[in-house]
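Enquirer: Show me how the following folds:
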Amino acid sequence: MSSNAPRIGMLGGTFDPIHHGHLRSAVEARETLGLDRLHMIPAPKPPLRGEPQVSAEQRLALLKLGIADTPGLHADDRELRRAGPSYSIDTLIELREEYGQQARLVMIIGFDAFLRLPQWHRAQELFAHAHLAVMARPGYATPWPDELTELVGAREVEQADSLMHRPSGGVMMLTLPSQMAISATYIRQRLGEGKSTRYLLPKAVEEAIRAEGFYRHFASRGE
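Expert: Numbering: from 1, shown residues only. The predicted structure follows:
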């Protein structure tokens, strides 16, 4: 066990578009977990979601604008360079190979995604490569399905220090201070209706969206 092992996070999503809720959650998750670096990874073809309205390359460009010079956050394009669906297990394997076996690797997901974890591709293997930090989401207090309870087993810990005692295999519920209830669906709807999105998005992201004409036609695709 190495106390100096790097602490690396992975936060995937469609980021369709990236907004202040995503970014504030990323900053607070990094601080809470003491991460050295948090990879924010756009998914080009999410297996359990509908097709994003804007291309993966365009969403990556918006993500980079949103992150700007925020310390510790990194816009990662690896899933755009991979053929086929975006499976988290493949990304975790790559990150594990890059950072080494002693790195503390944490995959951060929302509670709604966590409830669907048993349906994920090779879900049981995730814990061999990373910890799981589950962000509470406003309005979600759903009991765990039986198959999720079985999958998690006795992996849950309550504190980040306990999670970081080993490289992978733990689960932690992550209650962030802000819990900003901003929905990408709501933003797309407002953009499609020509309404203001000020203070929902970073200014640079909002300006780029309007300059490129993204989201002019609202599609209710989910977050």
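
Enquirer: longest helix of the chain?
Expert: Ranked by residue count under DSSP state H, the longest helix found in the chain is helix 20-33.

Enquirer: Report the distance from stretch 162-173 to the chain centre.
Expert: 18 Å (C-alpha atoms, centre = their mean, to the nearest Å).

Enquirer: Use 387 as the first number from now on
Expert: Yes, from this point I'll number from 387; that puts the last item at stretch 548-559.

Enquirer: for the residue of the chain most remote from its centre, helix, strand, or coil?
Expert: Of all residues in the chain, residue 580 sits farthest from the chain's C-alpha centroid, using C-alpha atoms, centre = their mean; the distance is 27.7 Å. Assigned by DSSP: H, G, I helix; E, B strand; the rest coil, the conformation of residue 580 is coil.

Enquirer: tell me which helix or strand of this protein sits lowest on mean pLDDT?
Expert: Lowest by mean pLDDT, DSSP states H and E among the helices and strands of the chain is helix 497-501, with a mean of 92.

Enquirer: re earlier: how near is the residue farthest from the centre of the chain to residue 438?
Expert: Residue 580 sits 21 Å away from residue 438 when distances are taken as C-beta to C-beta, to the nearest Å. Where you see a C-beta, it was placed from the backbone N, CA and C, and this is true even at glycine.

Enquirer: what does residue 531 give?
Expert: 27 Å.

Enquirer: Looking at the two, which one has more neighbours?
Expert: Comparing residue 531 with residue 438 by other C-beta atoms under 10 Å, the one with more neighbours is residue 438, at 23 against 13.

Enquirer: Show me what the helix or strand just after the least confident helix or strand of the chain is packed against.
Expert: Note on helix 497-501: by DSSP states H and E, the next helix or strand toward the C-terminus is helix 512-515. The contact analysis (3 or more C-beta pairs under 8 Å, 6 or more residues apart in numbering; DSSP states H and E) places helix 512-515 against helix 474-485.

Enquirer: Name the residues of the helix it packs on that are buried.
Expert: Neighbour-count burial for helix 474-485, with 16 or more other C-beta atoms under 10 Å as criterion, is recorded at 474, 475, 476, 477, 478, 479, 480, 481, 482, 485.

Enquirer: thinking again about what came up before, as PDB, could you dump the C-alpha coordinates of the longest helix of the chain?
Expert: Presented in PDB, the C-alpha positions along helix 406-419 are these (Å, rounded to 0.1, in the frame of the first residue of the first chain):
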ATOM      1  CA  HIS A 406     -22.700  24.600 -14.100                       C
ATOM      2  CA  GLY A 407     -24.200  21.600 -12.300                       C
ATOM      3  CA  HIS A 408     -21.700  19.200 -14.000                       C
ATOM      4  CA  LEU A 409     -18.800  21.500 -13.300                       C
ATOM      5  CA  ARG A 410     -19.600  22.400  -9.700                       C
ATOM      6  CA  SER A 411     -20.200  18.700  -8.900                       C
ATOM      7  CA  ALA A 412     -16.800  17.900 -10.500                       C
ATOM      8  CA  VAL A 413     -15.000  20.500  -8.400                       C
ATOM      9  CA  GLU A 414     -16.700  19.400  -5.200                       C
ATOM     10  CA  ALA A 415     -16.200  15.700  -5.900                       C
ATOM     11  CA  ARG A 416     -12.500  16.300  -6.500                       C
ATOM     12  CA  GLU A 417     -12.100  18.200  -3.300                       C
ATOM     13  CA  THR A 418     -14.100  15.700  -1.200                       C
ATOM     14  CA  LEU A 419     -12.200  12.700  -2.500                       C
END
